[in-house]
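> when you get a sec, could you give me coordinates for this:
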Amino acid sequence: MKEKVLQVIQTECPDVDFLASNALVDDGILDSLALTSIIAALSMEFNIVIPYEEIVEANFNSVDALAALVERLQG
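Numbers count the residues shown, from 1 in each chain. Sure, this is the predicted structure:
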C-alpha cells in the first residue's frame with residue numbers, strides 16, 4: 001500500500017521528496033494546494049472519500065501516515 005500511495009502522491013507533487021521528512025505539513029513542505037491535490041488524487045485512485053475530520057496534519061505528515069489513512073478509509 002505504501003508504495004502505491006507514494007507513486008500517486010509523487011505524480012501529484014513531483015518536486016517533493018516525500019521520504020525525506022516525517023513532518024511534511026508541520027515543516028511547511030506541503031501547502032494547502034498540494035494537500036488539495038493529494039486528497040483528490042488519493043480519492044480517485046483508491047475510490048475513497050476523505051472526510052473533513054480526517055484532514056489533519058497527523059494524517060498527511062508522512063507517506064506512512066497517508067498509507068494508514070487510505071487503508072483505514074478503505075475499511
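> where in the chain is pLDDT low?
Per-residue confidence of the chain (counting by pLDDT under 70) places no residue in a weak region.
> point to the residue nearest the middle of it.
The residue lying closest to the centre of the chain (CA atoms, centre = their mean) is residue 66, at 4.5 Å.
> buried sites along the longest helix along the chain?
With secondary structure taken from DSSP state H, the chain has its longest helix at helix 32-46. Going by neighbour count (16 or more other CB atoms under 10 Å), the buried part of helix 32-46 is 34, 35, 37, 38, 39, 41, 42, 45, 46. Where C-beta positions appear, they are placed from N, C-alpha and C, glycine not excepted.
> from these, pick the one nearest residue 9.
Of all these, the one with the least separation from residue 9 (CB to CB) is residue 38, at 5.3 Å.
> the closest one reaches residue 30, doesn't it?
Yes - contact between residue 38 and residue 30 holds when scored by CB atoms under 8 Å: they sit 7.4 Å apart.
> shared neighbours, these two?
Taking CB atoms under 8 Å, 6 or more residues apart in numbering as the contact rule, residue 38 and residue 30 both touch 13, 60.
> tell me which element residue 27 falls in.
Here residue 27 sits in a region with no helix or strand, counting by DSSP states H and E.
> circling back to that earlier point, just the element for the residue nearest to the centre of the chain, please.
Following DSSP H and E, the helix or strand that holds residue 66 is helix 63-74.
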